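J.: My questions are about this predicted structure, shown below with the sequence.
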Amino acid sequence: MEVDLAQTIVTAVGEVPVRVVGAHAGSPRGLVVWLPPLGGSAAGCEQALRRLACAGFLAVSIDPPRHGMRADRPSGDLFAEVMEHFRATMWPILGGTVLDAMAVLDWAVERFGIPGPILAGGISMGGDAALALAGADRRILRVAAIAATPDWTRPAMTLIGQPERPIDQGEGSVTGSWLRSRLDPLLHTDRYRRRLDLRLDVGTRDSHVPGEAAHRFASELRSTGPEGQGRPGPRIDVLDHQGLDHSEMCHRHQILIEAIDWLVGRSPDRSPRRAGPPTAPVRSDSRT
């Protein structure tokens, strides 16, 4: 039986609240950053952090801008603001999360002296940020993203649970558009053509974060141009969960467990391999 010896430290790096979970004994196998969804917080990631720590990793999470201890309004009100002005509100939060995560990784590597691999993951907005982080920070060797997208514009996005109601995303702010132009994965696929393992779990009925972009991203990474020939390539798996919408993807415990176990279960140190075709659907249980 797996014994949970993980201990939690709550601290801050500059203005960023940070939650760190690590095992009491032994040297960490590496470092993992797990990022919260919209409306979430580092404290809400405790279960994921503890599972990562029990696998031998130092696990960290942060409160994204306007979340958790940095909240400027209740999470329900922030969610409503994002749905009303998606690009103007979400893009600065998402981009800020990526930049904050990089700074916290800098701190964690120095503070805890971890030379090993750095992994990243998250659900929904947290998965979006984890994917973008891998494009911005070459230290990231593996990413697990659940109900997330590599396309910040989210084509055909609808309200959660209301596929008949498309969202008018509006225009991005100057800040948000600047961040998107530099961090959106589909705008910078060249950054992902390296030694990198990616797993994207998507729901076939998720119209809030449509899985189409994940498959489009995989196709882009499979097409290697002259600049990528002879270089280590990424391995990307897009796992379609049949019949699941966004809410189900975000709250299905077995999907979270399988994604985390994949994230820590194989050594990121591997022989180079180009991105392959999307895998068959993962059968988390009889309903998936």
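T.: Cool, got the structure. This structure is a prediction, so every number in the text was calculated from the model and none was measured.
J.: Please name the residues that touch the closest residue to residue 30 other than its chain neighbours.
T.: Of all residues not flanking residue 30 in the chain, residue 116 sits nearest, at 3.6 Å (Cβ to Cβ, 6 or more residues apart in numbering). The C-beta positions use only the backbone N, C-alpha and C, and glycine is treated the same way. Neighbouring residues of residue 116 by Cβ atoms under 8 Å, 6 or more residues apart in numbering: 28-31.
J.: what does residue 262 give?
T.: Applying Cβ under 8 Å, 6+ apart to residue 262 gives the contacts 144, 199.
J.: now with 6 Å?
T.: For residue 262, the contacting residues are residue 199, taking Cβ atoms under 6 Å, 6 or more residues apart in numbering as the criterion.
J.: and it, helix, strand or coil?
T.: Using DSSP: H, G, I helix; E, B strand; the rest coil, the structure places residue 262 in helix.
J.: Validate this expectation: the residue nearest to residue 30 resides in a strand.
T.: No: applying three-state DSSP, one finds residue 116 to be coil, outside a strand.
J.: ok, residue 249 to residue 37 distance?
T.: 11 Å (Cβ to Cβ, to the nearest Å).
J.: I should have written residue 27 there, sorry.
T.: 31 Å.
J.: Of these two, which one has the most company?
T.: Set residue 27 next to residue 37 and count neighbours by other Cβ atoms under 10 Å: residue 37 wins out with 22 against 13.
J.: Per-residue pLDDT of the more buried one, please?
T.: On pLDDT, residue 37 comes in at 98.
J.: so what's it up against?
T.: By Cβ under 6 Å, 6+ apart, residue 37 lies in contact with 123-126.
J.: Quick check: chain neighbours aside, which residue is closest to it?
T.: Using Cβ to Cβ, 6+ apart, the closest residue to residue 37 is residue 124 (3.9 Å).
J.: right, and the one you found touches residue 147 too?
T.: Yes: using Cβ atoms under 6 Å, residue 124 is in contact with residue 147, at 5.0 Å.
J.: Identify the contacts common to these two.
T.: By Cβ under 6 Å, 6+ apart, the residues touching both residue 124 and residue 147 are residue 250.
J.: So for those two, which residue has more residues nearby?
T.: Using other Cβ under 10 Å as the criterion, residue 124 and residue 147 rank with residue 147 on top: 32 against 26.
J.: List the residues that contact that one.
T.: Contact analysis of residue 147 by Cβ under 6 Å, 6+ apart lists 123-124, 209, 246, 249-250.
J.: mind running it again at 10 Å?
T.: Each residue near residue 147 by Cβ atoms under 10 Å, 6 or more residues apart in numbering is listed here: 37, 122-128, 200-203, 206, 208-209, 211, 214, 241, 244-252, 255.
J.: hmm, which of these are the buried ones?
T.: 37, 122-128, 200-203, 206, 208-209, 211, 214, 241, 244-246, 248-250, 252, 255 (16 or more other Cβ atoms under 10 Å).
J.: Lovely, talk soon.
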